[in-house]
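*Asks:* Pasting the sequence and the predicted model now:
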Amino acid sequence: MDAPQPASTTARFLDESVLPIFTQLRMTAFGRTVIDIAADQAFDQWSFSDKILYALDKEVAARHERRVNKLLKASRSPNPDACVEDIVYTPSRNINKEQIARLAQCQWCQDSKNVVILGKSSVGKTYLAQALLNAACRKDYSAKFFRTDSLANQLAVLHHSDPERVKFLEAIHNTDVLVLDDFLTTPINEATAHQLLTIIAERENRGATIVTSQFAPIEWCKSIPDAVIAESILNRLAVGAEIITLEGDNMRLTH
């Protein structure tokens, strides 16, 4: 077998000219890094193995970032940049920093456990829900964000026999984390309540749900006309859930 020959013998060099090859192999970050290493004297004393491992780490990080961005885009979160690192902790807000740090590890996603965030209007319930959604996506969990009334409206315009409705519901049933924002801010009719119960029941023990609401769970029943459906929704969402009650000033005015 002939001895391997260096690329430089055929006038090929590790520079920008070979980057398209790495891109074609879907290893753009790796290629960019090895090209930079070849051109930077700061790496001259590194071993070959250290250089390759460094470039591999860059590729892994880039792929993770692309995956997170894809999950966040699919979630349709109104604020995909919301993150737990930017949460404001003041005594008046009644937020436990250790609790949020624990939730950011997303064991609740793995355990299909619900999180219920309560508080009056504009205390930051939605932002906290979006930040936890962001944390879940960073841990490679899929997510969907809906204002509860918007979800009801979307279901109302899709006929029960419409294949798009089936596809829409399957995506909700199968997502790892479902956010229901402004849950039962206004009363809902029996048909909407039944639709919500179906979604919640399908997801039980299969996925985690984050609910934000101005009302305590026991008061949800007042917004649902059917007492049996109301109790079923309450039990599935609130029993065993982690409850966070926010207090303090209007965060929209503060920021």
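*Replies:* Nice, I can see it.
*Asks:* for residue 178, which residues make a bridge with it?
*Replies:* Note on residue 178: beta-bridge partners residue 144, residue 209, judged by DSSP bridges.
*Asks:* Run through the stretch 101-250 of the chain and note the low-pLDDT ranges.
*Replies:* Within the stretch 101-250 of the chain, the segments meeting pLDDT under 70 span 249-250.
*Asks:* now the helices for it?
*Replies:* 107-110, 125-138, 148-156, 163-174, 190-203, 217-220, 227-238 (DSSP state H, counting those that start in this stretch).
*Asks:* Who are the packing partners of the last one?
*Replies:* So that's helix 227-238. The contact analysis (3 or more C-beta pairs under 8 Å, 6 or more residues apart in numbering; DSSP states H and E) places helix 227-238 against helix 190-203, helix 217-220. C-beta here means a position set from N, CA and C on the backbone, and glycine is covered the same way.
*Asks:* Could you check the first one and say which residues are buried?
*Replies:* I take that to be helix 190-203. For helix 190-203, burial by neighbour count (16 or more other C-beta atoms under 10 Å) applies to 192, 193, 194, 195, 196, 197, 199, 200, 203.
*Asks:* show me the contacts for the third one.
*Replies:* Which is residue 194. 226, 229 (C-beta atoms under 8 Å, 6 or more residues apart in numbering).
*Asks:* Same question for the first one.
*Replies:* Applying C-beta under 8 Å, 6+ apart, we find residue 192 in contact with 152, 155, 156.
*Asks:* So it versus residue 149, what's the distance?
*Replies:* 9 Å (C-beta to C-beta, to the nearest Å).
*Asks:* before we move on, back to that, so which of the helices and strands packed on helix 227-238 gets nearest residue 170?
*Replies:* helix 190-203 (9.3 Å; C-beta to C-beta).
*Asks:* Can you show me the CA trace of the closest one as PDB?
*Replies:* Provided in PDB are the C-alpha atoms of helix 190-203 (Å, rounded to 0.1, in the frame of the first residue of the first chain):
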ATOM      1  CA  GLU A 190     -69.400  23.200  27.200                       C
ATOM      2  CA  ALA A 191     -67.900  22.300  23.800                       C
ATOM      3  CA  THR A 192     -64.700  24.100  24.500                       C
ATOM      4  CA  ALA A 193     -64.500  22.500  27.900                       C
ATOM      5  CA  HIS A 194     -64.900  19.100  26.400                       C
ATOM      6  CA  GLN A 195     -62.100  19.800  23.900                       C
ATOM      7  CA  LEU A 196     -59.800  20.900  26.600                       C
ATOM      8  CA  LEU A 197     -60.500  17.800  28.700                       C
ATOM      9  CA  THR A 198     -59.900  15.600  25.700                       C
ATOM     10  CA  ILE A 199     -56.500  17.200  25.200                       C
ATOM     11  CA  ILE A 200     -55.500  17.100  28.800                       C
ATOM     12  CA  ALA A 201     -56.700  13.500  29.200                       C
ATOM     13  CA  GLU A 202     -54.800  12.400  26.100                       C
ATOM     14  CA  ARG A 203     -51.600  13.900  27.500                       C
END
